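Asks: have a look at this prediction, sequence included:
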Amino acid sequence: MNIHILTILQSDQRYETCGDWWFDEVGDLQIRVSDMGNWKYEALVGFHELAEVLLCKDRGITTEVVDAFDMTWISKRAGDEEPGDDPDCPYRNEHFFASSVERLLGGQLNVEWGAYDAAVIALNEDPNNQ
């Protein structure tokens, strides 16, 4: 399996998210991270997505299950939560672990968590964010 992590424009994401993953037709892992103008922020999102997908793959939680939940959840979004925070999320444990290691790496990279979190939230608040 090859792993491809790319930074893209927010407007090019498959849905309203800062990070996305799926397996392509040849079985390669594709991860897309929204451009935030800060390599550390983008690396943290990519790291989160990688940790989450590896755990999901190991536990038999498919891309289709994750996408179906996420896309339904996004259409009902309320506030700044993420789909993985929902108690009914089928990959909630995997999301929480990924968030934990993301915070650990952020600390080692001297990322101020409040500023990082605000940058992630801003991606979905500004309809002109390209």
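Replies: Alright, I've got the coordinates.
Asks: check contacts around the residue nearest the centre of the chain.
Replies: The centre of the chain sits closest to residue 19, judged by CA atoms, centre = their mean, with a distance of 3.1 Å. Applying CB atoms under 8 Å, 6 or more residues apart in numbering to residue 19 gives the contacts 31-34, 45-46, 48-49. For every residue, glycine as well, the C-beta is placed using N, CA and C.
Asks: residue 12 now?
Replies: Residue 12 makes contact with residue 32, according to CB under 8 Å, 6+ apart.
Asks: same question for residue 42.
Replies: Counting by CB under 8 Å, 6+ apart, the residues that residue 42 touches are 7, 33-36.
Asks: any idea how far residue 12 lies from residue 57?
Replies: 24 Å (CB to CB, to the nearest Å).
Asks: for this protein, which segments count as strands?
Replies: Taking DSSP state E as the test, the strands found in the chain are 3-8, 19-23, 29-34.
Asks: tell me the buried residues in the first one?
Replies: What that stands for is strand 3-8. With burial defined by 16 or more other CB atoms under 10 Å, the residues of strand 3-8 counted as buried are 5, 7.
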